[in-house]
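Trainee: just coords:
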């Protein structure tokens with residue numbers, strides 16, 4: 001009887017250890033996926049800001065030139081990548097406030113190329129960067 005009890009305790013301990021190990025690894029993997037989604041979003045939005053600036057400069061310096069058309073096409077391509085990053089966030093981070101912040105940031109960035117002058121472009125860029133920073137602060141609480 002003692003041998004059966006000892007074997008049962010050993011098997012139960014092994015199973016419990018495996019289950020706890022699995023849960024811990026899953027939690028670490030989920031956090032890592034959320035962190036990667038946030039990093040992908042920030043990378044895409046930083047590139048989107050750069051492309052909007054390029055589009056704005058080509059539009060005001062060389063409107064309707066091949067460089068302007070190429071900058072506009074590139075901005076739209078990068079916009080698609082930014083929205084793809086938003087969708088990845090939606091899949092991996094179930095926080096509606098985080099999603100709203102991401103979409104608000106994308107919207108602010110998308111308006112940069114419509115700035116009337118350099119000062120407005122600078123002001124809107126500062127606001128877009130502030131929105132991105134607020135997103136990162138909020139997201140960091142989600143991935144800790």
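Mentor: Noted; the coordinates are in hand. Only a predicted model underlies this, so the values are computations on that prediction, with no experimental measurement involved.

Trainee: Show me the helices in this protein, by range?
Mentor: 2-61, 66-92, 96-110, 118-142 (DSSP state H).

Trainee: Which positions within stretch 122-132 qualify as buried?
Mentor: Within stretch 122-132, the residues that count as buried by 16 or more other CB atoms under 10 Å are 124-125, 128-129, 131-132. To be clear about C-beta, it is placed using only N, CA and C from the backbone, and glycine gets the same treatment.

Trainee: what's the distance between residue 130 and residue 101?
Mentor: Distance, residue 130 to residue 101, by CB to CB, to the nearest Å: 11 Å.

Trainee: Most tightly packed of the helices of the chain?
Mentor: Mean neighbour count (mean count of other CB atoms under 10 Å) peaks for helix 96-110 among those, with a mean of 18.

Trainee: Could you check the angle that one makes with helix 118-142?
Mentor: If you take axes from the mean of the first three to the mean of the last three CA atoms, to 10 degrees, helix 96-110 sits at 160 degrees to helix 118-142.

Trainee: Return the distance of helix 96-110 from the chain's centre.
Mentor: Computed by CA atoms, centre = their mean, to the nearest Å, the chain-centroid distance of helix 96-110 equals 10 Å.

Trainee: go on, stretch 117-130?
Mentor: The answer for stretch 117-130 is 21 Å, by CA atoms, centre = their mean.

Trainee: How about stretch 119-135?
Mentor: 17 Å.

Trainee: Contacts made by that stretch with the rest, please.
Mentor: Here stretch 119-135 makes contact (CB atoms under 8 Å, 6 or more residues apart in numbering) with 41-42, 45-46, 49, 53, 56, 98, 101-102, 104-105, 108-109, 111-112, 115.

Trainee: how close does residue 121 sit to residue 8?
Mentor: According to CB to CB, residue 121 stands 72 Å off from residue 8.

Trainee: same question, residue 112
Mentor: For residue 112, the distance to residue 8 - CB to CB - is 67 Å.

Trainee: Name the nearest residue to residue 59, ignoring sequence neighbours.
Mentor: Residue nearest to residue 59 in three dimensions, not counting chain neighbours: residue 68, with 5.7 Å by CB to CB, 6 or more residues apart in numbering.
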